[in-house]
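Colleague: Let me see the structure of the following:
(2 chains)
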Amino acid sequence: MALLTVDNLTVGYDSATGMTRAVDDVSFTIESGTSLGFVGESGCGKTTIGMALMGLLPDNARILHGNIILDDQNLIKISQEDFREIRGRKIAMIFQAAMNALNPVVRVGDQVAEMITTHQTAVSPVEISVKIEELFDLVGIPGDRINDYPHQYSGGMKQRAIIAMALACNPRLIIADEPTTALDVVVQDQILKEIIKIQNLLDTGFVFISHDIAVVARVCEKICVMYDGKIVETGTREEVFQAPVHPYTRQLLGSYLTLDNCNNIKVPYINSRLGQKGWEHGCALAPLCDNPMDKCDRLCPGWRQLSPTHGVRCFKKSTI
Amino acid sequence: MNRIVFISKKAVELFILFFLILTVLFFLFRLAPGDPVTRMVDPMLTPEDAAHIIEQMGLDKPLTTQYMIYVKNFFTGNFGFSFHYGEPVARVIMARLPCTLLLFTTSTLLAALAGVFLGKISAWKKGSRMDGVLSISALVCHTLFVPWFALMMLWMLGFQVGWFPLGGIISPELWIEDAPFGLKVLDVIHHMILPLLTLFIIHVGSYLLLMRSSMLSVLKEDYILTARAKGLTDRVIRNRHAAKNAALPVVTSVGLSLAFSINGGALTEQIFTWPGIGRELIFAVSNNDYPLAQGCFLLIAAVVLSANFIVDLLYAWLDPRIHY
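Modeller: Model prediction:
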């Protein structure tokens, strides 16, 4: 039994022009102790998936259909109050720390302690402070900084504190939404190492959301590539990176700068200057595709499973 | 250490500022249209008597000497004698000050507490019917014309219904008969309710609106999302994470309005014949009681300056990001 099973999740936003589908028929599973990465450009729906898993969708969003099953419990069906108890305790989220993710007027240690006291009522203050020291030690913050305020921390330390906060209740699943995006590469590297260390240490499922395919490649065993609300390709790290099938995946990988391609880097038509076409009338990626087929403009490509782990949403059979 | 340096630096700054105000005030009174001597001395007196009084008051001395005496008197706590009461100005002011403090401190604090509480709820339930009712009522309160509203309160609750006395702070008969202390307290409260209610209604709206808009912008902050993601209850998110940050600008506003209430309430005090500083100031100015008016102005300056000082300290204490 998988830790988390998401079936046909579809999320829409109410807008002036009607319901906009941000996440369209997305399915995936995560086992304990494994990690799944979502990559895609801005607006492809990856953050909406994270928010749906947390039950924190904005007021104008609605889950149109689908199931989110965590440990045999369907999160779509439970009450607000039950979901609140799950948040933080069973599913925790790591936000981008460069933003104001920490409350500026509350001491960092207290903000972590709050996580514990909310979900575990029968802990003594001594136990809490011991636990916090352990957590700060685990993420590499010196113990004498526990009682500092967030503004006294550097960006990297804030990110570490947010990770400590997410780990406070030993959650079953951790969702990391762009956790390293605003950090410089040196700190980014440290934080990623920290996350990988924690992954190896704990039996927790990880959902990693990022637009940076290199970051996802380092952290995640499985990768989902998204475009305009749908998963277009999924597979293990090796499958997606060494044998990408979908043209969009290849474009995304091709846009990543390496020493080999630095002179003729091809950035795909990232971000749709063409206007997003949607999936109703054929493949949303048809206008961006190098070599589209006739039916791509008429029919939405179905899901094809190439191996037990590798799947793709494209008509083309072979890699070009 | 930083704190001590900050406080002493600030104190020196305030002292210099106060000294400037003291000086400006001295010259302002002498610059008032007409000859100060004829304004301060009764024209009905014979020239000999007038000259005698002028000499007694030191008005025949050169301006610089007068200024030196003025400053010296100030620092020795001598604010002169009120023309009207014939008593030391300090004593007149000290008799009025408690009345003003009682009324305005109570009303400002009550209005601020209620405004913060209601503004918090209003922002939390943004767009609900309750938010609509609260915001519109707050706007109405905020835009009320103070003298009109005070008169209406007096007319309706004091005159028509007769629940409350029409003015003053005490019923003289109770004090002449030396009633028990509890009864006297109740009597003062009875007199205070009407002006208190008026001031409360006038101020609560602006605090509500301030808190509401501050709260709405705080609720959009990322740390509120973090708080939700932690699975905290709505009550904790609202009170601990949102309201604590949102109340910061309200603190400044309360501090400053407490300072200005000492004279800003002159109209209210006048209408309710509340024997406070504001009413005394109007009386002093309209009766050419220069020493008294000067004393009132100095008191106001001192209160505004020290209120600013306290707000600065309070703010640094409430917001850890602010450094001395």
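Colleague: What is the neighbour count of whatever residue of the stretch 51-200 of chain B ends up closest to chain A?
Modeller: Proximity of the stretch 51-200 of chain B to chain A (C-beta to the nearest C-beta) peaks at B:G127, 9.5 Å away. For glycine as for every other residue, the C-beta is placed from the backbone atoms N, C-alpha and C. Using other C-beta atoms under 10 Å in any protein chain shown, B:G127 is surrounded by 8 other residues.
Colleague: sec struct for A:C283, please.
Modeller: coil (DSSP: H, G, I helix; E, B strand; the rest coil).
Colleague: pLDDT of stretch B:227-243, averaged?
Modeller: For stretch B:227-243, mean pLDDT rounds to 91.
Colleague: re earlier: could you tell me which residues make contact with the residue of the stretch 51-200 of chain B closest to chain A?
Modeller: Applying C-beta atoms under 8 Å, 6 or more residues apart in numbering or on different chains, we find B:G127 in contact with no residue.
Colleague: so it sits in a helix?
Modeller: No: per three-state DSSP, B:G127 lies outside any helix segment and is coil.
Colleague: Now do the phi/psi pair for it.
Modeller: Note on B:G127: its backbone torsions stand at phi 90, psi -10 [degrees, to the nearest 10].
Colleague: Distance-wise, check it relative to B:S214.
Modeller: To B:S214, B:G127 is 17 Å away according to C-beta to C-beta, to the nearest Å.
Colleague: Now do the strands in chain B.
Modeller: With DSSP state E as the criterion, chain B has no strands.
Colleague: so what are the domain limits for it?
Modeller: When chain B is parsed with automatic domain parsing, its domains come out as B:2-75, B:94-318.
Colleague: can I get those domains in TSV with distance to A:A101?
Modeller: Output for these, formatted as TSV (distance: least, C-beta to C-beta, whole Å):
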stretch	distance to A:A101
domain B:2-75	28
domain B:94-318	5
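Colleague: so what's residue 85 closest to, chain neighbours aside?
Modeller: Looking at chain A here, since you left the chain open. Closest residue to A:E85 apart from its sequence neighbours, by C-beta to C-beta, 6 or more residues apart in numbering or on different chains: B:G231 at 6.2 Å.
Colleague: I was thinking of chain B, sorry if that wasn't clear
Modeller: Nearest non-adjacent residue to B:Y85, counting by C-beta to C-beta, 6+ apart: B:V92, 5.5 Å away.
Colleague: could you list every residue that touches that neighbour?
Modeller: B:S82, B:Y85, B:E280, B:L292, B:G295 are the contacts of B:V92 under C-beta under 8 Å, 6+ apart.
Colleague: now B:A266
Modeller: Residues in contact with B:A266, defined by C-beta under 8 Å, 6+ apart, are B:G278, B:R279, B:L281, B:I282.
Colleague: circling back to that earlier point, who wins on neighbours among the contacts of B:V92?
Modeller: The most crowded member of the contacts of B:V92 is B:E280, carrying 28 neighbours; neighbours defined as other C-beta under 10 Å.
Colleague: picking up where we left off before, what about the residue nearest to A:E85, how many residues close to it?
Modeller: 23.
Colleague: Tell me how far it lies from A:E114.
Modeller: Here the criterion is C-beta to C-beta. By it, B:G231 lies 10 Å from A:E114.
Colleague: go on, A:R250?
Modeller: 46 Å.
Colleague: which of these two has more neighbours?
Modeller: Neighbour comparison, A:R250 and A:E114: the larger count goes to A:E114, with 22 against 17 (by other C-beta under 10 Å).
Colleague: Check which helices and strands whichever helix or strand the more buried one is part of sits against.
Modeller: Using DSSP states H and E, A:E114 sits within helix A:108-119. On a contact count with 3 or more C-beta pairs under 8 Å, 6 or more residues apart in numbering or on different chains; DSSP states H and E, helix A:108-119 meets helix A:125-139, helix A:155-167.
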